[in-house]
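*Asks:* sequence and predicted structure, then a few things I'm wondering about:
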Amino acid sequence: MSLDVNALRAQFPVLHQAVNGKPLVYLDNAATTQKPQVVIDAVSEYYRTVNSNVHRAAHYLSDHATASFEAARADLAAFINAAREEVILTKGTTEGINLVAQCLGRERLQAGDEILITALEHHANIVPWQQVCERTGATLQVTPLREDGSVDTDAFHKLLSERTRIVALSQVSNSLGSVTPVAELVKAAREAGAWTLVDGAQAVGHYPVDVQQIGCDFYAFSGHKMFGPTGVGVLFGRRELLDAMPPFQTGGEMIETVSFEKSTWNQLPYKFEPGTPNIAGVIGLGAATRWLQQQDRTALATHEDALLASASEQARAFDGLKIIGDAATKVGVLSFLLDGAHPADVGTLLDQQGVAVRTGHHCCMPLMDRLGIPGTTRASFSIYNTLEEVDQLFQALHKVRSFL
């Protein structure tokens, strides 16, 4: 089935505006995706007609809010092929990773243990593990990259040992778009006796995710990268591990009983959901999940592949432009440098022409250090972008080069 991109774009109100007198070309999707009207309506409808706390009241509004909130959880569980009680609702990927780092890593690691990550990781999948290492005496090991910006899987297998206790991997690089073969690496890690966490923030908006097929112990992602609201996300965790872990924060819904002598914790998933949650955000994420599931995911992926192919072809033909990260398997991210131009200047000049990109280190400072560069200009594509917008990007880049 072919994709009607114009019909798809019509569902995203923010795309239909001018920036600096030019039609908006939004190519910053790795930072956050735009929201379809159905998601905006779901959030608005909650505040307009229901606005009530969940789980604890005995009135219609609260019952309605609770039903919508838990229906979103069920939709999210089906979305990643997980059990409902294994879906912890968080503020996003960062909170999910920190939860695992503190409640599993800090509790169970000791001196001599190792945590294995890759050189592709976002700060959110580096710093929490550094903190665990500082507090436990464990050591952080980093898998290097190949020249094309993909994970060196041979090096990964060599670094994996009986000392490896936790393996934490991004499924897709936010800065380069490289796709990591997480199922293969997770299988090896589990065979070595390590717990595994996958950062799926950049994956869920691009293609279907099945945590059973991946085989990981934990999987974290954010709603705003998959057409949902900001400030809400999911941590999948295997039930036996979540049951054994202490709570991350205390108070509110995660409580079962409290006395001045002792407190006990609620059952999963509520054990890890303290206080009043982002109810509107969860309901909006549920709407985004249902909307995405209704799309032809194969057609969407084919369209995104065509966008990246066109951008990569034009980039290779562009005199003085260097692609940073050209792995054989990528999603729609084109990171690049323009000869003689600082990425920040390139981004500013593109913005003046209505083209929205991101510049800098993309929360991957160690990666940029290893590449020997200060940062990149990053154009990142999503399902509602068009081949014409790819052309507009390069037309604008030609003007940038003439300016500079």
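*Replies:* Looks like it arrived, so ask away. Residues are numbered from 1 along each chain as shown.
*Asks:* helices along the stretch 51-200 of the chain, start to end?
*Replies:* Per DSSP state H, counting those that start in this stretch, the stretch 51-200 of the chain has helices spanning 60-80, 93-100, 106-108, 127-136, 153-159, 182-191. These are given in chain order.
*Asks:* for those helices, which one sits closest to Arg370?
*Replies:* Arg370 sits nearest to helix 153-159 of all the helices of the stretch 51-200 of the chain, at 13.1 Å, using CB to CB. No exception for glycine: its C-beta is placed from N, CA and C like everyone else's.
*Asks:* list the buried residues of the closest one.
*Replies:* Thr153, Ala155, Phe156, Leu159 (16 or more other CB atoms under 10 Å).
*Asks:* need those residues in CSV with pLDDT, can you?
*Replies:* Formatted as CSV, the buried residues of helix 153-159 follow (pLDDT from 0 to 100):
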residue, pLDDT
Thr153, 98
Ala155, 98
Phe156, 98
Leu159, 98
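*Asks:* could you dump those to TSV with distance to Asn266?
*Replies:* Supplementary listing: the buried residues of helix 153-159 in TSV, determined by distance: CB to CB, whole Å:
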residue	distance to Asn266
Thr153	40
Ala155	42
Phe156	38
Leu159	39
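*Asks:* any idea how this protein splits into domains?
*Replies:* With automatic domain parsing serving as the domain definition, the record reports that the chain contains domains spanning 5-27+296-403, 41-293.
*Asks:* what's the most buried one of the ones you listed?
*Replies:* Sort those by mean neighbour count, taking mean count of other CB atoms under 10 Å, and domain 41-293 sits at the top with a mean of 20.
*Asks:* that one: end-to-end distance?
*Replies:* Using CA to CA, to the nearest Å, the end-to-end distance of domain 41-293 comes to 18 Å.
*Asks:* can you check stretch 2-13 too?
*Replies:* The separation between the terminal residues of stretch 2-13, taken as CA to CA, is 23 Å.
*Asks:* next one, pLDDT for the residue most central in space within the chain please.
*Replies:* Closest to where the C-alpha atoms of the chain average out (CA atoms, centre = their mean) is Ala201, at 1.2 Å. If you check Ala201, the pLDDT there is 98.
*Asks:* pretty sure it contacts Thr90?
*Replies:* No - here Ala201 lies out of contact with Thr90, judged by CB atoms under 8 Å, at a distance of 11.7 Å.
*Asks:* which neighbours do these two share?
*Replies:* Jointly contacting Ala201 and Thr90 under the rule CB atoms under 8 Å, 6 or more residues apart in numbering are Ala220.
*Asks:* show the contacting residues for Gln295.
*Replies:* Gln295 touches Ile383, counting by CB under 8 Å, 6+ apart.
*Asks:* look up how far Val234 lies from it.
*Replies:* 19 Å (CB to CB, to the nearest Å).
*Asks:* over to Phe336?
*Replies:* Here the distance between Phe336 and Val234 works out to 32 Å (CB to CB).
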